[in-house]
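J.: have a look; sequence and predicted model below, questions after that.
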Amino acid sequence: MAFAASIGPLVVELVSSLSHPAAQRKGATLKARQDSAVHSLKSHTFLRTNQFEVQHAFDGLEERLRINSRDGLADALRERLHALEQTPSGLHPEILSLLLQLSDQPTFKSRLRDLDALQEPKTDPGENLTWKEIAKQDAWNDDPMLWQSIQYGDSSDDEELELEDSVASDSTALTGDDGPARNVQDLIMPPSSTGLLHSIRQAQAWRQSDTHGSRKVPVPEIQVVREVLFMLQGLPTTLFDNDAMPRPSFQMAGLAWQTHRAIMGAFAEYGRQLALVRRFAQLSSEAPHLQVFQDCVTSHLEDLDRAIATLQKRFAAPESDVTVSLIATKYELSSHLEPLSALSAILSKLLDAPNTSPFQYLEVMYQEVCMSQLSGKLHIYIFLAKIFLACFRVYLRPIRLWMDEGRLIPGDEIFFVTELDKETPLGQTWHSRFLLRHSSNGKLHAPDFLRPAAGRIFNAGKNIVVLRQLGMYTATQSHVEPSLDFESICPGDLQLAPFVELFGSAFDNWIQSKYGTTSSTLKEALFNKCELAATLNDLQRVYLSSDGSAATPFHEAIFDKLDNGTRDWHNTYVLTASAHGAFASLIDADRLKIEVNPSGQTQSSDSAQLTVKSVLPAITAKYRLAWPSQIIISEASMAHYQSLFTLLLQHSRATSSLTKHKLQSAGAMLDWTEQALYFAARNSLLWFCSTLHTYLATLVLEPNIIKLREDLEKAPNVDAMIQLHEAFAKQCVDESCLGSRLAPIRECMLDIFDLALKLERARELKQTGREMGLEPSSRSEKSYTAVLRQIKADFDRHLRFMCEGLRSVARASSDSRSAKWFILADMLHSGSQDERR
């Protein structure tokens, strides 16, 4: 009950002291605020602080101090906690909880020597004075009246004393017992002159004039200047209302109404703009860059207030003759008012905009800086540019932390980089662990002027993360960071240069100072420590058959199992063992694994003998990349490698079926017609396979591989290396007629490969029948001959389709791939002409 009884007067006094003077004049409003505050405090539902949690928190703090070798600080903390326990109080948990909430990393930022500042300074008591020394200093010994005896005789002194005592008893004492008695009469000072009071009353007489009449109340110019200066400071005035609008009842003496209204309107506009600026400066914000913005605004408002105070001092206590002029006052303050007016326009846009992003003020400030420079307002341009750069330097703090250390501030919703999952596999660190944050409309969550550099900022931090995972990053790395203040970005000799170019150039240099070093370091680590070049060579040997001495035995081992009808031809261990035996001397064979997709395992060996489309596409080569190499070689690139591997395997299958049997001698030939048809078809198919192999080897794979090596050495960063490798794989796929636009041509090519298998199948059946001594019937003879003729006819038809299709697609394209398609079409067309001749 004592608390409830004492809180009321305290809250009433607090609300009264914090309320605006205008609100204090409104009794009902002030009373409502006081009652609301008292009710809120009396009916709060907040629980008391848990003293055991507070004690546990301090025990944990002491333990952390000792773990971090801060034993001295831990002993001091325990000593003071023990001393506090000697004087128990119910408020101790509340106070200690408040100190814990206000603390900022006390384990690392607290210093033991700071405790010395809490001790009371030891003052030197000095020498003790004696009455003898005082008497000597005041010359008491030289005063003869001091030692004279007092005469106690009849006199009127006692009566005077009684009279004085009676007067004193009738008066009211104004001081305590320990001081000299003072009466009301002592405080009454007779005025020496009333002229000053009369002059003040006369100067302020216009305030008491009737403002409801039709006549304007004349106001002296000095009073108008005084009211204007007060209004600009945000104080209540008589000439202006609460919204800084001029009151029409007053007019400056000796000035025409139109002129008075114009100049007062100009000051009123400044006042309304300054009110907006002052209101923004008083807002609370948690974002550091907004706090800096408010600090800059407050600093310039203080400059204006100092300039106004200087004017007031000049008018109130002139040291010489002073001319009072409202226009001169406006001119003298214009250097402060005009920049703040421009700042008010910016704040108006920000405060009125719905769903303002935390960095939108940076975008608006940047635009206004550029516009003020283009409009020729140099002082406003410099004013806004300095504020913008001060705010931007604070906005760069999370960017600097990301680019220097590869770390993100926990819970930061302003920076445009976010971490998806810390447990991401190492190989996916570059591609999947971090993400650029986008807004709901799909735009990057960053200021517009920063978006062109967002990619380099993003990659710089990822460079640090990867280097740290490789064990090649040390936090002691240092570099010179270019300054981003106004004097460095906009030197005096470049005032006419556009701010966009000056800022862009300076910011690019700032980014490059952090990005260039880490990019080159990571690139060197990938090539030297992680052996990226050797990995690319291994992929080319396995997937692109760059070394035929290893690829051919591996392919033949697969074909033998298919031709022999082996039931477990798709066994992963058997296929992988064949690959290891073929490539063991060239690559790290333990990384290679050969598998067959489930769709291919259901196919019979007979279907594999008739077409290259059934089983061979299901054979998959999987080369296990080291995780640093996975940064450059993406999954999409590996899919392109697999497509090329399948094409070369199908080509090898067709070539192998045509060349695995020796030609019969001329004397062993029984039917010259059949032999002629067979060799004609075989020759055409061999020529096609040879031509296609020449095209792939000399015009597609080898040139692109050489170009890839050269480009990777020149690549400035990891992203460029990734793009170059992906472009290389895509280029090889497209030029090999494996792209989506050339799907009909690819199918036609595979049909020709199937013709090679069909030819060999027909020959084997014919040869088997002869070896068994079967007499060929006329019907079977005609069927074999018909098969040979059909194969030749189908080959010519497919070849014409490929030539025409390649030319058609090449004419519709304008890139470098179309030239390769033209060359392939000419190669195939020339061969068909030779065949006809």
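T.: Happy to help now that I have it. Since the structure is predicted, the reported quantities are computational estimates derived from the model, not experimental observations.

J.: pretty sure Pro744 sits against Gly805.
T.: Yes: counting by Cβ atoms under 8 Å, Gly805 is a contact partner of Pro744 at 6.2 Å. Every C-beta, even on glycine, is put in place using the N, C-alpha and C of the backbone.

J.: can you work out which residues contact both of those two?
T.: Between them, Pro744 and Gly805 share no contacting residue under Cβ atoms under 8 Å, 6 or more residues apart in numbering.

J.: those two: which has the busier surroundings?
T.: Taking other Cβ atoms under 10 Å, Pro744 and Gly805 do not tie; Gly805 has more neighbours (17 against 13).

J.: where's that one, which helix or strand?
T.: helix 778-811 (DSSP states H and E).

J.: got the angle between the helix or strand just after that helix and helix 778-811?
T.: Sequence-wise, the next helix or strand downstream of helix 778-811 (DSSP H and E) is helix 816-836. Here helix 816-836 points in a direction 150 degrees away from that of helix 778-811 (axes from the mean of the first three to the mean of the last three Cα atoms, to 10 degrees).

J.: tell me which other helices or strands helix 816-836 touches.
T.: helix 672-694, helix 718-735, helix 778-811 (3 or more Cβ pairs under 8 Å, 6 or more residues apart in numbering; DSSP states H and E).

J.: okay, buried residues for the last one please.
T.: Neighbour-count burial for helix 778-811, counted by 16 or more other Cβ atoms under 10 Å, picks out 784, 787-788, 791-792, 794-795, 798-799, 802-803, 805-807, 809-810.

J.: try the second one
T.: Neighbour counts over helix 718-735 (16+ other Cβ under 10 Å) mark 718-722, 724-726, 728-735 as buried.

J.: right, and Leu647 touches Ser736 too?
T.: Yes: Leu647 lies in contact with Ser736 (Cβ under 8 Å); the separation is 6.1 Å.

J.: lowest confidence element among the helices and strands of the protein?
T.: Lowest by mean pLDDT, DSSP states H and E among the helices and strands of the chain is helix 157-170, with a mean of 44.

J.: what pLDDT does the model give the nearest residue to Ala819 once chain neighbours are set aside?
T.: Closest residue to Ala819 apart from its sequence neighbours, by Cβ to Cβ, 6 or more residues apart in numbering: Ala810 at 7.5 Å. At Ala810, the predicted lDDT confidence score is 89.

J.: low pLDDT regions in the stretch 551-700 of the chain?
T.: 605, 662-670 (pLDDT under 70).

J.: now the helices for it?
T.: In the stretch 551-700 of the chain, the helices defined using DSSP state H, counting those that start in this stretch lie at 572-583, 598-601, 605-610, 627-632, 635-659, 672-694.

J.: the fifth one vs helix 718-735, what angle?
T.: In other words, helix 635-659. Using the same axes, to 10 degrees: helix 635-659 against helix 718-735 is 30 degrees.

J.: go on, the last one?
T.: Between helix 672-694 and helix 718-735, the angle comes out at 160 degrees (the same axes, to 10 degrees).

J.: can you pick out the most distant pair from the buried residues of helix 718-735?
T.: Val718 and Glu735 (25.9 Å; Cβ to Cβ).

J.: on that earlier part again, a markdown table for the helices and strands packed on helix 816-836, including distance to Asn537?
T.: Shown next, in a markdown table, are these (distance: least, Cβ to Cβ, whole Å):
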| stretch | distance to Asn537 |
| --- | --- |
| helix 672-694 | 21 |
| helix 718-735 | 13 |
| helix 778-811 | 31 |
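
J.: which one, of the ones you listed, ends up nearest to Glu133?
T.: Among the helices and strands packed on helix 816-836, helix 718-735 sits nearest to Glu133 (Cβ to Cβ), with 86.2 Å.

J.: no further queries at this time; thank you.
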